[in-house]
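Student: Any chance you could fold what I've pasted below:
(chains A and B)
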Amino acid sequence: MTELDFNIRQEIRNCVCVLLDGTIEEAQFARLHQLLENNPAAQDYYLDFLEVSVSLRKLDWTLEMESCDNGILDQELWSQLAYTEKNAPTVELCRPQPEAVPSANPKLVVTQSQRHISKLSLVSVFTSAAAMLLLLCYAYFTPQASSEPVAVMTDCIDAVWGNAGACPKTGDPFLKNSTVHTLLSGVVKIESLLGPEIIIEGPSLFEFPDMNKVILHSGRIYVDVPKNAIGYSVLAPSFTVIDLGTSFGVSVDADGSGDVLMFSGQASLVAGRQGQTKSSHMLTEGSAKRVFAIGHQVEDIPFVSTTFVRQMDSGQNLLWRGQPLNLADIVGGGNGFGTGQIGSGIDPLTGELKPYKLPEVTTSIGGGFTAVDWNAFIDGIFVPDGGSGPVQVSTKGQVFEDCPDTDGVFWTLALNGGRIADFVDSPIVSLVLGGNEYGTRQRPAIFLHSNLGITFDLDAVRNSMPDFRIAEFRSLCGISSTGPQRFPYADFWVLVDGQLRFSREGVGASDTHPVSIPITSSDRFLTLVATDGGTDVALKENNISYPIDSDWCLFAEPYLILDSNN
Amino acid sequence: MNPETEKVQTFVTFLTAHQSRIYSFILSLVPVFHEADDIMQETTKMMWVLFDQFDCDTDFAAWGIKIARFRILEYRRRNKSRFAFNDELSQEIADRFSHRNDRTKEYLSFLKNCIQKLNPKDQTLILLRYQQNLKVKEISAQLGKSVQAVYQNIARVQELLLSCVRKSIFLDETK
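Tutor: Prediction:
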């Protein structure tokens, strides 16, 4: 059966959820009808999805779900938790994480963030206090705030407010012409009632004069504007950005200078104070400009895609600045953003997560495909041996057709980097490729000693991050130069849904090869494989060949490059 | 035990064991909960009326599904819903359904385990929807999200559960 495209599945399930309630609109029902007609795969998915809905309805929740009732159903507790998990640890994605306890659930965050407030930010806060005083005076003399809501806060992580009086909480509206809001630290997501989504990172000072604009006095803001809300504006002391169907980030310093980065679409940048236009510029995707407060000069600056928080989800303690998803981190029990354990990995025989330990035997006989059930992102692991028949690479039964004949044995776990020893009394060494150390938090790597293969479920990634699209798989493959130099000689393979997309055979110790594979929404399973290179170039002792010997294979910096879906 | 009581007990036993499959069939062709509930009720009544004609050595679910098909046609004629699949699509879906195995008991067990694996926010959403039976509008008011966002999140979480259950079935079958 053909694998259904991810986007079509998403459309079907969104339609079905609304339809089951009887609240669907005609156009949406017509679309569902069109998707299902003459499409057995779509019909099967539709029936599968209905089965979940029916079963959820059928569950005897009072008897069978007592272990779920750990305070979640307590109404008061729920109200407190409603998307504001203030006390939960947070992942700061821009910085290396301390060693963390591996979590069986890739979506759980287990590290404490290390808040780092730059000197510039502190200066901004203190100098902003003076600006704040002026603004408070302004607010005192301006007409009473209207009670008309113009935006609502929909999410926040570790938000600390400087406003006197009640601090905004998730679900609270922002009123037209209300006071200036002071976000001292943390990140909040606010939705304008016209549709644009705004992520503000503390420390920031901002206000909403109406539904169609936000004033950023200082700080950092990322705006995502849907097509039907073109014209949304960000007003800064020295410039204005007017959206033309786009997503962009704006940062404003204490002196009023600021930067604008265009992530998608177009916007108009007008330099100068309100009513005193100095110049106007068209911004397009991938461009960035700086406006100076003095003279309002505009210059091009480098576009750094990780400057702004572009997606956030307090439920997953996720702050995404555009970083790629780290597959090595996932192998180590993490969520792909640095929560995995370096030196932990997956047992090819059981699929379990374990810490690295020098193997007691030099080789172990592999089994068939083993599904990994503790981690939704990993479909399974296997020992590839084309000589023993078709090599299954996924729970959907896809096979690696061109898998070479191997010894059918493996050495150790598939690992999230770490340091490895050749045998019991040998030194424990780091992993090095092309002169660079890998297998660390800063430079991750999957240690995939031959013969091993591991398959990742891209749909599980998409489902856990619905606001993202997977654009590409990138890595560098090769054999660590710190491994034994007896006979390092292996083959590297990358498959998507069982189809070969990359291969390098006969890789020696000094070879490194970049891997770059575009990923589409219909691609489901990504498989990385290392095989032993055969017996011709292999360690031989007592007339026995050990083709896997010295094959310290690495997929270095194995990243899924993400893009925002908006 | 008198024959009437025995008949009731036998019917109830069969219905308890196979009701889920018959309901799933109805819902696949009439995917609106309250309408499927009505049709299920009518189907059950008719099955009871015709139970004397049922051969206990044959497939109760298949028999119930045949009756359900008539009730669905009748329901559509009476109600003239705008949201009804056309005859061709209805037949295609009915055919696909007939090829599916009935694994209700294990499915529910796998589903329970998979719900435990959800993160707290997703668990909360599912419990609000299916345990507390809140309408999506009520959930959206409580969570401060739009109705559309709540529907999309419910769909996303149910997809997570579907993937998890599928994996569990695979593991179970390959044990």
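
Student: all helices in the stretch 301-450 of chain A, in order from the N-terminus.
Tutor: A:327-331 (DSSP state H, counting those that start in this stretch).

Student: Contact residues of it facing chain B?
Tutor: Residues of the stretch 301-450 of chain A found near chain B (CB under 8 Å from any CB of the partner chain) are A:S314, A:G315, A:Q316, A:A371, A:D373, A:A376, A:D379, A:T395. Every residue, glycine included, has its C-beta placed from N, CA and C.

Student: Measure how buried the third one is and give me the count.
Tutor: Spelled out, it's A:Q316. Neighbour count of A:Q316, defined by other CB atoms under 10 Å in any protein chain shown: 22.

Student: sorry, back to before: most neighbours, which of the residues of the stretch 301-450 of chain A next to chain B?
Tutor: Neighbour-wise, these (other CB under 10 Å) top out at A:D379, 28 neighbours.

Student: And that one, what's its pLDDT?
Tutor: Listed pLDDT for A:D379 reads 96.

Student: My read is that it contacts A:F456, right?
Tutor: Yes: at 6.6 Å, A:D379 counts as touching A:F456 under the criterion of CB atoms under 8 Å.

Student: Need the residues touching each of the two.
Tutor: Contact criterion CB atoms under 8 Å, 6 or more residues apart in numbering or on different chains; residues shared by A:D379 and A:F456: A:F525.

Student: elements contacting the strand or helix carrying A:I12?
Tutor: Element membership for A:I12, per DSSP states H and E: helix A:6-20. Applying 3 or more CB pairs under 8 Å, 6 or more residues apart in numbering or on different chains; DSSP states H and E, one finds that helix A:6-20 contacts helix A:26-36, helix A:40-58, helix B:147-173.

Student: I'd like to know which of the ones you listed lies nearest to A:C167.
Tutor: helix B:147-173 (23.3 Å; CB to CB).

Student: Pull out the buried residues from the closest one.
Tutor: B:147, B:150-165, B:167-171 (16 or more other CB atoms under 10 Å in any protein chain shown).

Student: which stretch among the helices and strands packed on helix A:6-20 comes nearest A:P209?
Tutor: helix B:147-173 (25.6 Å).

Student: tell me what that closest one is packed against?
Tutor: Under the contact criterion of 3+ CB pairs under 8 Å, 6+ apart, helix B:147-173 touches helix A:6-20, helix A:40-58, strand A:370-371, helix A:458-464, helix B:104-117, helix B:120-126, helix B:136-143.

Student: just the CA coordinates of the second one, formatted as PDB?
Tutor: So the one you mean is helix A:40-58. Coordinates of each C-alpha in helix A:40-58 appear next as PDB, following Å, rounded to 0.1, in the frame of the first residue of the first chain:
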ATOM      1  CA  PRO A  40      -7.800   3.200  -0.800                       C
ATOM      2  CA  ALA A  41      -4.800   4.500   1.200                       C
ATOM      3  CA  ALA A  42      -6.700   7.600   2.300                       C
ATOM      4  CA  GLN A  43      -9.800   5.400   3.100                       C
ATOM      5  CA  ASP A  44      -7.600   3.100   5.200                       C
ATOM      6  CA  TYR A  45      -6.200   6.000   7.100                       C
ATOM      7  CA  TYR A  46      -9.600   7.500   7.600                       C
ATOM      8  CA  LEU A  47     -10.800   4.200   9.100                       C
ATOM      9  CA  ASP A  48      -7.700   3.900  11.300                       C
ATOM     10  CA  PHE A  49      -8.300   7.400  12.600                       C
ATOM     11  CA  LEU A  50     -12.000   6.800  13.300                       C
ATOM     12  CA  GLU A  51     -11.000   3.600  15.200                       C
ATOM     13  CA  VAL A  52      -8.900   5.800  17.600                       C
ATOM     14  CA  SER A  53     -11.900   8.100  18.100                       C
ATOM     15  CA  VAL A  54     -14.300   5.300  18.700                       C
ATOM     16  CA  SER A  55     -11.900   3.600  21.100                       C
ATOM     17  CA  LEU A  56     -11.300   6.700  23.100                       C
ATOM     18  CA  ARG A  57     -15.000   7.100  23.500                       C
ATOM     19  CA  LYS A  58     -15.300   3.500  24.500                       C
END
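
Student: Could you check how far that helix is from the centre of its chain?
Tutor: Counting by CA atoms, centre = their mean, to the nearest Å, helix A:40-58 is centred 28 Å from the centre of its parent chain.

Student: Check the fourth one too.
Tutor: Distance of helix A:458-464 from its chain centroid, counting by CA atoms, centre = their mean, is 10 Å.

Student: So it, near chain B or not?
Tutor: Yes: using CB under 8 Å from any CB, helix A:458-464 comes into contact with chain B via A:D459, A:A460, A:N463, A:S464.

Student: so which of the residues you listed is the most crowded?
Tutor: A:D459 (24 neighbours).

Student: now it, nearest residue through space, not along the chain?
Tutor: A:R524 (5.4 Å; CB to CB, 6 or more residues apart in numbering or on different chains).

Student: so when I look at A:I198, I'm seeing a strand, right?
Tutor: Yes: under DSSP: H, G, I helix; E, B strand; the rest coil, A:I198 sits within a strand.
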